[in-house]
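Chemist: have a look at this prediction, sequence included:
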Amino acid sequence: MRKVVPTGSLREFFSQRLDEALRETSTEVLEETRAYLLDILEEFTWSRRAFSLERENPEEPLSVRFLRALEKSAGERVREHRMIGDFCLFLTGFFSDFLQRKVADMEVYISLGSSAYSSVETALRSFSPVPEDTFTRMFRELAEKFPSLVEVYMDLSEKLMVQSEQDLLKIYEKYLILKSKRYEKILREAGIEPFPVRRSRH
């Protein structure tokens with residue numbers, strides 16, 4: 001079982017794990033995008049925002065909220081769509097097991113999150129004094145690489161969840177079902193040699 005390695009701060013801990021996940025998934029991002037991904041991890045992991053958004057009507061579908069935000073001012077649209085993008089990214093990355101019960105839900109959240117970040121980029125351009133600045137570049141990258149960033153968060157969450165034998169059992173069950181090389185690697189790093197997965201013949 002992995003030993004707990006003390007770090008100076010929560011951000012430092014996440015920073016090290018995020019860099020590992022970026023390498024594992026061969027995902028390259030701008031430095032400002034990397035910092036933003038860390039911000040999301042800190043904000044969502046230890047707060048109620050991991051389970052809900054700031055909204056008057058909690059039962060309102062995110063897609064409806066997304067459309068309503070299009071009718072607001074650029075500043076309000078940035079705030080609303082940024083929150084939706086952040087939420088969709090964290091949800092699909094850290095709660096993919098729940099969403100994968102319905103593949104369509106996973107695809108909807110990925111599409112919605114990407115569209116939300118793209119909308120933020122467009123809104124920022126409307127009142128930016130220069131054609132392209134740090135924030136517009138960052139949100140464009142978040143939109144364009146959204147599926148890859150979901151995979152980064154998935155890789156990160158899987159490593160963070162391996163705290164006990166029961167967690168490893170869950171990883172092993174996923175490996176048998178999904179035949180994932182990522183799950184196989186996690187098992188091997190924990191000292192478990194998984195049985196070869198037999199491919200079905202049709």
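Modeler: Good, I have the coordinates. Here the structure is a predicted model, which means the values were calculated and not measured. Residues are numbered from 1 along each chain as shown.
Chemist: what's the pLDDT at Met154?
Modeler: As predicted, Met154 sits at a pLDDT of 88.
Chemist: let me redo that: Ser126
Modeler: Here the pLDDT value assigned to Ser126 is 84.
Chemist: how about the helix or strand where it lies: buried residues?
Modeler: Secondary structure assignment for Ser126, by DSSP states H and E: helix 103-127. Neighbour-count burial for helix 103-127 flags 106, 108-110, 112-125 (criterion: 16 or more other C-beta atoms under 10 Å). Placement of C-beta: from N, CA and C, glycine included.
Chemist: ok, now which ones touch the residue lying closest to Tyr153 once chain neighbours are set aside?
Modeler: Once flanking residues are discounted, Tyr153 sits nearest to Gly93: 2.4 Å by C-beta to C-beta, 6 or more residues apart in numbering. With contacts defined as C-beta atoms under 8 Å, 6 or more residues apart in numbering, Gly93 is in contact with 149-154, 156-157.
Chemist: now with 7 Å, please.
Modeler: 150, 153-154, 157 (C-beta atoms under 7 Å, 6 or more residues apart in numbering).
Chemist: same question for Leu18.
Modeler: 34, 37-38, 156.
Chemist: which of these fall within helices?
Modeler: Filtering the contacts of Leu18 for membership in helices, criterion DSSP state H, returns 34, 37-38, 156.
Chemist: now, which of these sits nearest Glu132?
Modeler: Glu132 has its nearest neighbour among the ones in helices among the contacts of Leu18 in Arg34, at 18.8 Å by C-beta to C-beta.
Chemist: for Ile40, see how far away the residue nearest to the closest one when sequence neighbours are not counted is.
Modeler: Leaving aside its sequence neighbours, Arg34 sits nearest to Leu18 (C-beta to C-beta, 6+ apart; 7.0 Å). Noted for Leu18: a distance of 10 Å to Ile40, by C-beta to C-beta, to the nearest Å.
Chemist: relative to Ala143, how far out is the closest residue to Leu10 other than its chain neighbours?
Modeler: The shortest distance from Leu10 to any non-neighbouring residue, by C-beta to C-beta, 6+ apart, is to Glu42 (6.3 Å). The gap separating Glu42 from Ala143 is 22 Å, by C-beta to C-beta.
Chemist: try Leu169
Modeler: 37 Å.
Chemist: with neighbour numbers in mind, choose between these two.
Modeler: Under the neighbour definition other C-beta atoms under 10 Å, Leu169 and Ala143 were set side by side, and Ala143 has more, 20 against 11.
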